[in-house]
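> the amino acid sequence is not available; the structure is as follows:
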């Protein structure tokens, strides 16, 4: 019986020693995002383009050349890439025509912005106007873990209609992306405030919360 007891004790010790160690769970953490030290800008005014604006020096403008089913190449569509932040602002542009009326484009843009409503906690809209340059539009701030934090439009309501949206190449998480989205909010507003339809003049801007 004594030997049998020793064997049982050894077996128990062997079985328990083969179990993987148990570690307490670590608190949830996120990758550190290093934003640039200051906001600095340069002018985008490419020959032949119907619009211009100032964009961050720590980003790069590239033509939107990614093919999509059923979509023709659009010469004035660009992407503003932020390599260090893993983000991109997609810029699309359309002429206002009898086939693509101002109201058609407004409704289409609004539908695209509220497409994220199911994932969003809330969507806050701001209107802006730059009177002497005939630029006005809406900035949408999407709250929560939606795919995009900011979307915007800029138009003169007669000829030009531009739309933009900020995306990141990671799974949407509002908390982990907050340093980057907070930093880029100022850059997006500066882009809109510096927007010109070609051969127009500067003026101060005005922002107003939509009721």
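Happy to help now that I have it. Bear in mind that the values here come from a model prediction, so they are computed numbers and not experimental data.
> chain center to the longest helix along the chain, what's the gap?
Determined from DSSP state H, the single longest helix within the chain is helix 174-193. Helix 174-193 has its C-alpha centroid displaced from the chain centroid by 8 Å (C-alpha atoms, centre = their mean, to the nearest Å).
> and the helix or strand following it, what does it pack against?
Using DSSP states H and E, the helix or strand that follows helix 174-193 towards the C-terminus is strand 196-197. Where contact means 3 or more C-beta pairs under 8 Å, 6 or more residues apart in numbering; DSSP states H and E, strand 196-197 is packed against strand 51-56. Backbone N, C-alpha and C define where each C-beta goes, glycine included.
> state the next helix or strand along the chain beyond the helix or strand of the chain with the lowest mean pLDDT.
Lowest mean confidence among the helices and strands of the chain (mean pLDDT, DSSP states H and E): helix 2-17, at a mean of 41. Past helix 2-17, further along toward the C-terminus, the next helix or strand under DSSP H and E is strand 41-44.
> just checking, what packs against that next one?
By 3+ C-beta pairs under 8 Å, 6+ apart, strand 41-44 packs against strand 51-56.
> may I have the strands that pair with the strand it packs on, each with its orientation?
Using DSSP bridges, strand 51-56 pairs in its sheet with strand 41-44 (antiparallel), strand 196-197 (antiparallel).
> against residue 185, how distant is the closest residue to residue 121 other than its chain neighbours?
Excluding the flanking residues, the one nearest residue 121 by C-beta to C-beta, 6 or more residues apart in numbering is residue 144, at 3.6 Å. Between residue 144 and residue 185 the computed distance is 16 Å (C-beta to C-beta, to the nearest Å).
> list the contacts for the spatially most central residue of the chain?
Geometric centre of the chain, nearest residue: residue 166, 1.7 Å, by C-alpha atoms, centre = their mean. Counting by C-beta atoms under 8 Å, 6 or more residues apart in numbering, residue 166 touches 87, 88, 89, 148, 149, 150, 151, 181, 184, 188.
> name the element it belongs to?
Counting by DSSP H and E, residue 166 is found in strand 160-168.
> mind listing what residue 48 touches?
Listed by C-beta under 8 Å, 6+ apart, the contact partners of residue 48 are residue 75.
> what secondary structure does it sit in?
When classified by DSSP: H, G, I helix; E, B strand; the rest coil, residue 48 comes out as coil.
> how much space separates it from residue 76?
Computed as C-beta to C-beta, the residue 48 to residue 76 distance reads 9 Å.
> residue 75: how many residues sit nearby?
Counted by other C-beta atoms under 10 Å, the residues lying close to residue 75 total 12.
> quick one: secondary structure of it?
Judged by three-state DSSP, the three-state class of residue 75 is coil.
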